[in-house]
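[1] can't give you the sequence, but here's the structure:
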């Protein structure tokens, strides 16, 4: 199993990620998000539908990077270090919305419960995350970490 395969396995099983940004004073700030990840050959793209609060916008304007960390009680760990940006394209937003609807539970989710006007809801922010580095490890199984780095054409 490759690091990308293992990352997707852990992330989509654990579902909730601790996502850290950096504030204007270079201090980390973490929150829980529910990302979904899409595989595109030798890379992945993460998406989170979340409220684009003034704080989140300020953090990403200061430093457009996030760290997404997953952990489960069996000590399976997956971390993606990413470039992050808000997605405003209507087609992309509709596609991501549908990906959440189509995903099996517990990953799948109907965000209309929070954003009743669908993917174009004024309060819905679509955060795109493009990893440059992924690290996975099944600690309880005493496995060594697996590392993936973005191809040179994608790396940051």
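    All right, it came through fine. These figures come from a predicted structure and were not determined experimentally.
[2] Tell me the helices and strands packed up against the longest strand anywhere in the chain.
    If you go by DSSP state E, the chain has its longest strand at strand 125-138. Packing partners of strand 125-138 (3 or more CB pairs under 8 Å, 6 or more residues apart in numbering; DSSP states H and E): helix 3-14, strand 43-50, strand 65-71, strand 76-86, helix 90-102, strand 146-149. C-beta coordinates here come from the backbone N, C-alpha and C atoms, glycine included.
[3] what mean pLDDT would you report for stretch 139-156?
    Averaging pLDDT along stretch 139-156 gives 79.
[4] List the buried residues for that stretch?
    Residues of stretch 139-156 classed as buried: 146, 148, 150 (neighbour count, 16 or more other CB atoms under 10 Å).
[5] Closest one of these to residue 94?
    Comparing the buried residues of stretch 139-156 against residue 94 with CB to CB picks out residue 150 as the nearest, at 26.4 Å.
[6] now that closest one, nearest residue through space, not along the chain?
    residue 132 (4.5 Å; CB to CB, 6 or more residues apart in numbering).
[7] What count of nearby residues applies to that neighbour?
    Per other CB atoms under 10 Å, the neighbour tally for residue 132 reads 17.
[8] Ok, residue 26 next?
    8.
[9] Let me see the backbone angles for it.
    Note on residue 26: backbone dihedrals following degrees, to the nearest 10 are phi 60, psi 30.
[10] Now do the contacts for it.
    Contacts for residue 26 (CB atoms under 8 Å, 6 or more residues apart in numbering) come out as residue 63.
[11] Double-check the residue nearest to residue 150 against residue 151; I have them as touching.
    No. At 9.9 Å, residue 132 does not count as touching residue 151 under the criterion of CB atoms under 8 Å.
[12] Run through the protein and note the low-pLDDT ranges.
    Along the chain, segments meeting pLDDT under 70 span 152-156.
[13] switch to 90 and redo it
    Low-confidence segments of the chain, defined by pLDDT under 90, span residues 1, 138-144, 150-156.
[14] residue farthest from the centroid of it?
    residue 142 (25.8 Å; CA atoms, centre = their mean).
[15] What's the separation between that one and residue 49?
    36 Å (CB to CB, to the nearest Å).
[16] swap in residue 91?
    15 Å.
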